[in-house]
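>>> Let's see this in three dimensions:
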Amino acid sequence: MPIEIGTPIPQGKDKSMSYLDWANGLTAREVQYRKDEERKSILRSEWCRAERLLAILRPIDASPPQSDTLFAKWCESPKTRPCVISDDQWPSDETESTYGPLILPGKVANLETVAASLNREFRLIHHGIDNTWYVHDYAVDAFRPTTVGKLEFFTKALLTRKANSLSRPGCDHILAMRPFASKIVDLACELLAADTTFFSGDFGAKRYIDGKIVEPFATLSHKLFAEQAIQPKPGAILAAPDAYQGYWGFCQTNNMPALRRRVFKEKFTNETMSRWGIGMRNDLLVPSDQGEKSRACQGWRGLSLRPEVGLN
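All right, here's what the predicted structure looks like:
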């Protein structure tokens, strides 16, 4: 399209249209359409990359088939979707300023920085109550449990991607960290630990377990157990092992993460004191399994499991 000298360039509201676009006869709508398609292509590429990484953390049969619907869901959920980071931006400057660079002086591997960066692209947390790793899966909009083994493979994948973005000798130093994936995951248990109330309360997160969404429970598990499964009973003895066994079954039935035995004993004792004024005793005697002499144990006198709860 020939341009005459002195022809004014259109000054519309859309200032994203360049002189070259106008000279080629494109309308503002056509320019915007091209930009939208280019952006969509970039987003789809980022989505595919995120899916490949997330597939490592999901169960083998849990990755949904790629579809326009799933892609649209990922695009429409910027607050919950994985944060796509280029390999040269991992770890973040903020993480390195806190824990130091990936490679310390003397060519020493900085495993703490790697551990702190495992949740750079995904919302990844370690829940100490049930000693389980969870990753947020945008496809179900909830936290899905994953395993330590999968997390180690995920760590190795991140290190390999980082190494591929570097030249020698940097890439060799990064690849040398791969055998330490187990140690890195151990460190991450502390650095990425979530609060004990992460899945409870009004602002608790949802979980996705056994194909079902588990809403955040309103009451902490040991409190709910005391409320629904324990009853005062004069003369009764609730042995500590029986209490924990009943509590474990109660949590399994209600899809709640169970406290570890030591933590449960402490919290449950505080609950029985505040609720009934009954503390744990160390001088209780209960019949032995062989029906002979009684055996000493820790427990609570005056409490028992409700009949409908029993021991699982």
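
>>> Show me the shaky parts of the stretch 101-250 of the chain.
Scanning the stretch 101-250 of the chain for pLDDT under 70 picks out the ranges 218.

>>> so where do the helices sit in it?
Under the criterion DSSP state H, counting those that start in this stretch, helices of the stretch 101-250 of the chain are mapped to 111-116, 148-164, 170-175, 181-191, 221-229, 240-253.

>>> list the helices and strands the longest one packs on?
Yep, that's helix 148-164 we're talking about. Secondary-structure packing of helix 148-164 (3 or more C-beta pairs under 8 Å, 6 or more residues apart in numbering; DSSP states H and E): helix 28-57, helix 111-116, helix 170-175, helix 181-191. C-betas here are computed from N, CA, C, even on glycine.

>>> For residue 32, find the nearest of the helices of the stretch 101-250 of the chain.
When the helices of the stretch 101-250 of the chain are compared by C-beta to C-beta, helix 148-164 sits nearest residue 32, at 33.7 Å.

>>> so which of the helices of the stretch 101-250 of the chain gets nearest residue 308?
Of all the helices of the stretch 101-250 of the chain, it is helix 221-229 that lies closest to residue 308, at 8.5 Å by C-beta to C-beta.

>>> which of the residues in that closest one are buried?
By neighbour count with 16 or more other C-beta atoms under 10 Å, helix 221-229 contains the buried residues 221, 222, 223, 224, 225, 226, 229.

>>> Against residue 92, how distant is the first one?
Okay, so that is residue 221. Distance of residue 221 to residue 92, given as C-beta to C-beta, to the nearest Å: 35 Å.

>>> Residue 245 - how many residues pack around it?
A count of nearby residues for residue 245, using other C-beta atoms under 10 Å, gives 16.

>>> Who does the residue nearest to residue 62 when sequence neighbours are not counted form a beta bridge with?
Distances taken as C-beta to C-beta, 6 or more residues apart in numbering put residue 144 closest to residue 62, at 7.3 Å, once the chain neighbours are dropped. Counting by DSSP bridges, residue 144 forms beta bridges with residue 135.

>>> Next up, the contacts around residue 144.
Applying C-beta atoms under 8 Å, 6 or more residues apart in numbering to residue 144 gives the contacts 57, 58, 62, 134, 135, 136, 137, 207, 208, 209.

>>> In ChimeraX, select just the buried ones from these.
Listed next is the ChimeraX selection for buried residues among the contacts of residue 144, using 16+ other C-beta under 10 Å:
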select :57,58,134,135,136,137,207,208
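
>>> Export the contacts of residue 144 as a markdown table, with columns for distance to residue 148.
Conversion of the contacts of residue 144 to a markdown table gives the following (distance: C-beta to C-beta, whole Å):
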| residue | distance to residue 148 |
| --- | --- |
| 57 | 11 |
| 58 | 15 |
| 62 | 17 |
| 134 | 12 |
| 135 | 12 |
| 136 | 18 |
| 137 | 18 |
| 207 | 18 |
| 208 | 19 |
| 209 | 17 |
